[in-house]
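*Asks:* when you get a sec, could you give me coordinates for this:
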Amino acid sequence: MISKKLAIEVLNVSLSTGADYAEIFYEDSHTQNVSLENGKVETSASNSLNGVGLRLLKENQCIYGYTNDLTRKGLLALANSLNKSFNGKQTVFVDHLDKVKAKERSKIVVDNDTIALEEKIALLKSADAEILKANDPRIVRRICSLNCWHRGVAVFNSKSKWFKRDNQWATYGIAVIVTDGKSFEQGFARRGCQSDINQFKGGDKDIVKNAAKATKTALAMLDAPECPAGKMPVVIGNGWGGVLFHESCGHPLEASAVAKGLSFYKPEQIGTQVASKIVSAVDDSTIPNGWGSIDIDDEGNPGEKRVLIKNGILKEFMIDDFNGRRMNRQGNGACRRQNYRYIPTSRMSNTFICPGKSTPEEIIKATKLGLYAVAFGGGQVDPSTGEFNFGCSEAYIIRDGKVCEMVKGATLIGKGFEILKNIDMVANDLDLAEGFCGAASGRVYTSVGQPTIRVSECTVGGRGGELK
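*Replies:* Model prediction:
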């Protein structure tokens with residue numbers, strides 16, 4: 001890590017030509033990736049990343065650069081290169097740096113770096129063995145992967161503040177590919193934790209249990225008929241079902257879109273109804289060991305629980321300090337980036353629809369004919385209009401209040417703000433699922449989530465004709 005003395009010198013050189021804010025982002029991180037294919041070790045690799053990103057702001061102008069030359073000469077060269085973008089006198093001076101203290105919600109207890117590679121491979125082999133228990137010749141490929149990250153960060157800024165943090169994450173992925181000679185299908189499972197890999201040996205994140213589920217789903221998809229098309233009620237499952245809200249409504253609530261007029265949500269809509277009265281949604285960075293949790297964001301603001309929507313009323317956006325300038329708002333701890341090579345901006349952390357009063361069973365029973373979307377695959381969304389389409393990786397037909405046959409090829413089509421208004425039932429079974437979100441500041445750790453919900457009407461695409 002660079003010294004405070006050097007950080008002060010670099011900050012003042014950065015500010016010398018008129019920038020009103022300067023920020024040094026130091027990172028030292030490493031990853032370990034292990035994968036098995038059909039029971040054999042396919043990949044075992046480690047990577048390291050060490051460098052500094054320097055950001056300069058003046059009013060609504062942003063200049064950014066980075067280097068892995070951490071010598072005094074290298075850092076000052078970067079500062080002198082960037083400050084040429086401004087032509088003025090220094091108005092902000094840094095003569096000291098005070099350490100920002102924050103709650104350590106994701107403290108490292110067992111360091112994944114201390115766990116032997118053999119133990120990590122054994123964890124993957126336990127999942128592979130579970131897939132083989134199906135004893136089905138239609139299984140043609142089995143992929144099990146485990147990724148561990150360890151990241152140390154320090155930030156120094158011209159507000160005379162500095163902070164550091166140390167975090168680790170781990171995630172596994174299980175892919176089961178099957179064929180009947182005519183078509184291929186895939187079952188997939190992924191879970192993650194901001195903790196150590198022992199979290200994958202029990203509970204809802206158990207790697208063996210989820211390997212069995214992925215296998216069962218893949219094999220069932222081979223015999224599944226094509227999904228019918230049309231407008232119908234759609235019940236969306238808990239956990240991974242939250243990716244629909246994340247993509248279609250979460251991104252439009254980020255200041256990076258709102259401040260530039262690229263979102264269908266506007267600052268003047270605060271306090272107005274934008275969703276059904278039974279819908280509340282939050283972005284919560286404070287969940288202990290939450291996959292997307294941050295004690296302090298990449299601008300030095302403490303992570304917060306941001307209530308985005310409460311009882312259908314728009315309450316807040318996810319704001320970083322820079323985009324907050326355009327909105328006349330202060331950042332609320334939502335500024336993140338993938339690594340030192342990316343400019344930070346407002347991003348989601350753990351984003352979910354809050355639990356309601358119904359049970360999942362009541363929602364299914366109340367649905368005479370519709371679709372039950374359990375999990376989603378890929379999709380597209382336009383934050384400026386809210387228009388989206390999402391493919392379902394697991395879906396079923398509901399008939400007379402019962403979950404019936406599995407279907408494949410289902411796609412949900414609509415607009416995010418319309419979906420929120422059409423939610424007429426919310427269950428009490430909130431669950432979060434761990435994933436990654438790619439956007440302007442790179443790929444960051446985010447949880448999606450929700451309880452089981454019902455959308456009274458949604459357009460469903462499919463090649464199975466009319467729903468009967």
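
*Asks:* how about the helices in the stretch 101-250 of the chain?
*Replies:* Taking DSSP state H, counting those that start in this stretch, the helices of the stretch 101-250 of the chain run over residues 117-132, 207-223, 243-245.

*Asks:* among these, which is nearest Y21?
*Replies:* Nearest to Y21 among the helices of the stretch 101-250 of the chain is helix 243-245 (33.0 Å), distances taken as Cβ to Cβ. Any C-beta I mention is one placed from the backbone N, CA and C, and that applies to glycine too.

*Asks:* so which elements touch the closest one?
*Replies:* Judged by 3 or more Cβ pairs under 8 Å, 6 or more residues apart in numbering; DSSP states H and E, helix 243-245 is in contact with strand 350-353, strand 369-381, strand 387-399, helix 416-421, strand 442-450.

*Asks:* can you list the low-confidence ranges for the stretch 301-450 of the chain?
*Replies:* Residues of the stretch 301-450 of the chain meeting the criterion pLDDT under 70: none.

*Asks:* change it to 90
*Replies:* Across the stretch 301-450 of the chain, residues meeting the criterion (pLDDT under 90) sit at 377-386.

*Asks:* ok, now the stretch 1-150 of the chain?
*Replies:* Residue ranges of the stretch 1-150 of the chain with pLDDT under 90: 1, 43, 101-104.

*Asks:* wait, K164 touches M1, no?
*Replies:* Yes - between K164 and M1 there is a contact under Cβ atoms under 8 Å: 7.3 Å.

*Asks:* now do the shared contacts for these two.
*Replies:* Residues touching both K164 and M1 by Cβ atoms under 8 Å, 6 or more residues apart in numbering: 152, 154.

*Asks:* need the winner for burial among the helices of the stretch 101-250 of the chain.
*Replies:* helix 243-245 (a mean of 27; mean count of other Cβ atoms under 10 Å).

*Asks:* which other helices and strands does whichever helix or strand comes after it contact?
*Replies:* Sequence order places helix 255-258 as the next helix or strand after helix 243-245, per DSSP states H and E. On a contact count with 3+ Cβ pairs under 8 Å, 6+ apart, helix 255-258 meets helix 321-327, strand 345-346.

*Asks:* the chain - how does it break down into domains?
*Replies:* The record's domain parsing of the chain by automatic domain parsing lists 4-223, 230-461.

*Asks:* deepest of these, which one?
*Replies:* Of those, the one with the most neighbours on average (mean count of other Cβ under 10 Å) is domain 230-461, at a mean of 21.

*Asks:* how long is that domain from one end to the other?
*Replies:* End-to-end distance of domain 230-461 (Cα to Cα, to the nearest Å): 7 Å.

*Asks:* now swap in stretch 459-468 and tell me
*Replies:* By Cα to Cα, the extent of stretch 459-468 from end to end equals 15 Å.

*Asks:* tell me the buried residues in it?
*Replies:* Residues 459-462, 464, 467 are the ones in stretch 459-468 that count as buried (16 or more other Cβ atoms under 10 Å).

*Asks:* any residues touching it, and which ones?
*Replies:* With Cβ under 8 Å, 6+ apart, stretch 459-468 has contacts from 225-232, 234, 369-371, 389, 397, 407, 409-414.

*Asks:* now with 10 Å, please.
*Replies:* In this structure, residues lying in contact with stretch 459-468 by Cβ atoms under 10 Å, 6 or more residues apart in numbering are 224-234, 369-371, 373, 389-392, 395, 397-399, 407-415, 418.

*Asks:* one step back: export the helices of the stretch 101-250 of the chain as TSV, with columns for distance to I139.
*Replies:* Shown next, in TSV, are the helices of the stretch 101-250 of the chain (distance: least, Cβ to Cβ, whole Å):
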stretch	distance to I139
helix 117-132	7
helix 207-223	7
helix 243-245	27
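
*Asks:* any stretches of the stretch 151-300 of the chain with poor pLDDT?
*Replies:* By pLDDT under 90, the low-scoring segments of the stretch 151-300 of the chain are 247-248, 300.

*Asks:* can you pull the contacts of the residue nearest to L432 when sequence neighbours are not counted?
*Replies:* Excluding the flanking residues, the one nearest L432 by Cβ to Cβ, 6 or more residues apart in numbering is G449, at 3.7 Å. Contacts for G449 (Cβ under 10 Å, 6+ apart) come out as 238-243, 245-246, 281-282, 284, 291, 350-354, 430-434.

*Asks:* looking at the helices and strands packed on helix 243-245, which is nearest to L36?
*Replies:* Checking these against L36 by Cβ to Cβ gives strand 387-399 as the closest, at 21.9 Å.

*Asks:* strand partners of that closest one, parallel vs antiparallel please.
*Replies:* strand 369-381 (antiparallel), strand 402-407 (antiparallel), strand 411-415 (antiparallel) (DSSP bridges).
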